[in-house]
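[1] I would like the atomic coordinates for the input below:
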Amino acid sequence: MDNINIVHSTKKKKQLSLSLSKGDDIMANNYMNSLYGNGSNASTGLDYSTYSLIRSGGYKKLAKAYYANESKVGKVNSVSKDELKAVAKKQTEMQKSAVNMKDTAKTLNDSKLYQPVTKEDGTTGLDKEAITKAAKEFVSAYNDTIDKAGQSDDKNVLRNTVWLTQQTNANKQILSDVGISVGKDNKLTLDEEKLNSATDSKLTSALSGNSGIMSQIMQKGEQIANAAKSGGTYNAAAQVSPAVNKILAGSFDAAV
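    Residues are numbered from 1 along each chain as shown. Take a look at the predicted model:
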């Protein structure tokens with residue numbers, strides 16, 4: 001490590017040694033702050049220690065370290081437009097996918113879907129064709145959300161998706177009874193034959209209700225969408241948001 005030793009004497013012929021390490025950001029910032037009014041004496045102008053630093057080359061060294069540190073901070077904000085567009089696109093797609101999952105879960109949860117109807121043969125019962133259609137759309141949207149989240153760099157999106165899969169796995173037996181199985185990859189598979197063979201009461205209790213699994217998934221879908229939205233590219237002041245800065249700087253937490 002390069003060091004500069006700056007020595008000056010007082011009237012009492014005492015010597016004061018200042019050791020300055022190359023790239024010492026703390027000292028550089030503190031000294032530069034003192035130069036611009038935070039520690040200077042306006043009545044005396046340039047003091048002796050400052051004069052010594054200038055003559056010895058120490059001032060140049062401090063200034064160089066200070067501005068080098070400033071440039072590091074600016075690098076994250078100086079990302080290319082392509083990088084910003086890629087991050088924005090990913091966050092937007094994540095948000096849309098989560099909203100779609102929430103909406104399809106809402107449709108599958110709708111109590112109107114579980115009202116008995118009169119069938120062509122004169123019997124009454126649930127419209128399982130409509131329920132199957134809603135279930136297929138939900139399974140597709142759910143799996144798309146899992147895929148998009150797996151490509152996300154946003155720790156809040158990832159955290160909420162982990163919670164989503166935990167909720168789903170906690171209810172996998174209930175879902176399995178009506179033909180929706182949970183795989184090892186956390187994705188869903190729909191067995192239409194099993195769904196159609198399930199009793200009306202089992203379908204109703206498994207997929208509808210304000211506190212059922214579909215209701216829980218709706219809530220998680222909204223939370224994931226909000227997380228993706230809050231991690232957008234620009235903030236209200238039209239500056240690159242902290243979330244995007246962290247993505248581009250690779251500083252998101254490794255663990256969720």
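[2] CA only for contacts and neighbour counts going forward, please
    Noted.
[3] pLDDT score for residue 167?
    We have a pLDDT of 95 for residue 167.
[4] Give the buried residues for stretch 133-146.
    134-146 (16 or more other Cα atoms under 10 Å).
[5] Stretch 149-156 too?
    149, 152-156.
[6] what number of residues lie near residue 182?
    18 (other Cα atoms under 10 Å).
[7] and the gap between the residue nearest to it when sequence neighbours are not counted and residue 181?
    Leaving aside its sequence neighbours, residue 182 sits nearest to residue 188 (Cα to Cα, 6 or more residues apart in numbering; 4.8 Å). With the distance defined as Cα to Cα, to the nearest Å, residue 188 ends up 6 Å from residue 181.
[8] Could you do residue 148 as well?
    For residue 148 relative to residue 181 (Cα to Cα), the value is 20 Å.
[9] what do you get for residue 149?
    For residue 149, the distance to residue 181 - Cα to Cα - is 20 Å.
[10] How about residue 138?
    13 Å.
[11] Mind checking which of the buried residues of stretch 133-146 land in helices?
    Mapping the buried residues of stretch 133-146 onto helices (DSSP state H) picks out 134-146.
[12] which one of those is nearest residue 87?
    residue 145 (16.8 Å; Cα to Cα).
[13] Spell out which helix or strand contains the closest residue to residue 102 other than its chain neighbours, please.
    Nearest residue to residue 102, sequence neighbours excluded (Cα to Cα, 6+ apart): residue 218, at 4.4 Å. For residue 218, the host element (DSSP states H and E) is helix 213-230.
[14] Name the SS class of residue 201, please.
    Three-state assignment for residue 201 (DSSP: H, G, I helix; E, B strand; the rest coil): helix.
[15] ok, back up a step: in TSV, list the buried residues of stretch 149-156 along with secondary structure and pLDDT.
    Output for these, formatted as TSV (DSSP: H, G, I helix; E, B strand; the rest coil; pLDDT from 0 to 100):
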residue	secondary structure	pLDDT
149	helix	94
152	coil	89
153	coil	84
154	coil	89
155	helix	89
156	helix	92
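[16] how about TSV for these, with distance to residue 100 added?
    Shown next, in TSV, are the buried residues of stretch 149-156 (distance: Cα to Cα, whole Å):
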residue	distance to residue 100
149	14
152	17
153	20
154	19
155	21
156	19
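[17] tell me which of those is nearest to residue 177?
    Of the buried residues of stretch 149-156, the one sitting nearest to residue 177 (Cα to Cα) turns out to be residue 149, at 27.0 Å.
[18] got a list of what the closest one touches?
    Residues near residue 149 by Cα atoms under 8 Å, 6 or more residues apart in numbering: 94, 157-158, 161.
[19] Just give me the closest of these to residue 110.
    Distances from residue 110 to those, taken by Cα to Cα, are shortest for residue 161, at 23.1 Å.
[20] and the closest residue to residue 191 other than its chain neighbours, how many neighbours does it have?
    Nearest residue to residue 191 in three dimensions, chain neighbours excluded: residue 179, at 4.7 Å (Cα to Cα, 6+ apart). Look at residue 179: counted by other Cα under 10 Å, it has 22 neighbours.
[21] related to what we said a few turns ago, neighbour count for residue 188 and residue 181, which is higher?
    The neighbour comparison of residue 188 against residue 181 (other Cα under 10 Å) goes to residue 188, with 24 against 20.
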